[in-house]
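S.K.: next comes the sequence, and after it the predicted model I'd like to discuss.
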Amino acid sequence: MIRFDNVTKRFGEKTALQGFSAQIEPGSITGLIGPNGAGKTTLIRLLNGLLLPDEGSISVDGLTPLQDGDEVRRRCGTLTEQPGLYEDMTGRANLRFYADLYGIPADKRIEELADVLSLHAFLDRATGTYSTGMKKRLGLARAMLHRPSTLLLDEPTNGLDPDGTRDVLRYLRRLNEQEGVTVLICSHVLAQLETVCSRYIFLEQGVKKAEGTLDQLRSRYIRSLRVELRADGWQGRDGRFVVEAPSYDELPALIARAAAESRLYEARILNDDLESVYFQIRKEEVR
Ligand SMILES: Nc1ncnc2c1ncn2[C@@H]1O[C@H](COP(=O)(O)OP(=O)(O)OP(=O)(O)O)[C@@H](O)[C@H]1O
């Protein structure tokens, strides 16, 4: 369990985080969302003990970075934009090097992670020859070497093409399922987060504006649903027509009516994805 209690962090005049409180349940995948400068990276750096809070407290599995820094770092694995790999060494040699730093036996763990993250095809090549996607996957293995309870990821899919992105997200889910690791992930790519996260925390200018599952956030922030219907012979763009529904409860009757009147091919909600929720939250204060 990760807990933030009323955490404030300042850099000189700038308040990067203001009175931030949250709990992150073990085994969850939480998306940390907010515009540039919202305080996401600061939160991650506070968690892995690179920064200390000016006020408030943080704990990871009951330990605080201030008093138990080494143990907290042992429980956290971090992957930032710089995966910290030596390019002239093979992937395996990189992992052995980091395992030595942690003082853990390497070979069995490297094999386990190579299985989970499908690294075998390139593990014995110099990492300088890797694609960005391969580097991210090796970076994930490096972050998971010491079996951390928590994995902290800052923009893990930056620079990846759609295939690489899909792979990294798939492996993340696999690590979460097979190793039970709690994941905290910052990203601006909301459609990607939506495929892996169980909860979200929204930050803006260092202040938590909202948190919850996508369903909880929808019911708080989406007032009415815009539904696109596609049917044979309808006026409008390619037989598509957009109607408003005041709530999810109204949808079955609305769709049934449309289906009774025409050959209905599709009914799709246009405004209840994570991105729509994000923009709605940014428009208003927490109710
Ligand atoms: N070491 C530092 N010194 C001074 N100001 C800092 C420092 N680190 C962060 N800040 C400031 O704190 C605020 C929060 O920064 P942070 O990097 O946590 O935001 P972020 O949400 O991660 O942004 P981005 O999405 O751009 O990565 C910003 O205004 C930033 O300029």
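M.R.: Sure, I can see it. From a predicted model like this one, the values you see are computed outputs, not experimental measurements.
S.K.: flag every buried residue along the worst-scoring helix or strand of the chain on mean pLDDT.
M.R.: Lowest on mean pLDDT, DSSP states H and E among the helices and strands of the chain sits helix 69-75, with a mean of 86. For helix 69-75, burial by neighbour count (16 or more other CB atoms under 10 Å) applies to 72-75. Just so you know, the C-beta spots here come from the backbone N, C-alpha and C atoms, and that holds for glycine as well.
S.K.: number of nearby residues for residue 11?
M.R.: 10 (other CB atoms under 10 Å).
S.K.: give the bridge partners for it, please.
M.R.: When bridges are called by DSSP bridges, residue 11 pairs up with residue 14.
S.K.: any chance of the buried residues of helix 69-75 in CSV, with distance to the ligand too?
M.R.: CSV is the format used below for these (distance: CB to the nearest ligand atom, whole Å):
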residue, distance to the ligand
72, 19
73, 19
74, 24
75, 22
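S.K.: thinking again about what came up before, contact partners of the least confident helix or strand of the chain?
M.R.: 47-49, 60-61, 63-65, 102, 146, 148-150 (CB atoms under 8 Å, 6 or more residues apart in numbering).
S.K.: list the contacts of residue 128.
M.R.: Listed by CB under 8 Å, 6+ apart, the contact partners of residue 128 are 87-88.
S.K.: domain-wise, how is this structure divided?
M.R.: Structural domains assigned to the chain are 2-216, 223-271, following the TED database.
S.K.: tell me the most buried of the ones you listed?
M.R.: Most buried of these, by mean neighbour count (mean count of other CB atoms under 10 Å): domain 2-216, with a mean of 18.
S.K.: which residues touch the helix or strand following the least confident helix or strand of the chain?
M.R.: Per DSSP states H and E, the first helix or strand lying C-terminal to helix 69-75 is strand 76-79. Residues from elsewhere that reach strand 76-79 (CB under 8 Å, 6+ apart): 44, 47-48, 60, 136, 139-140, 142-146, 148-154, 156, 181.
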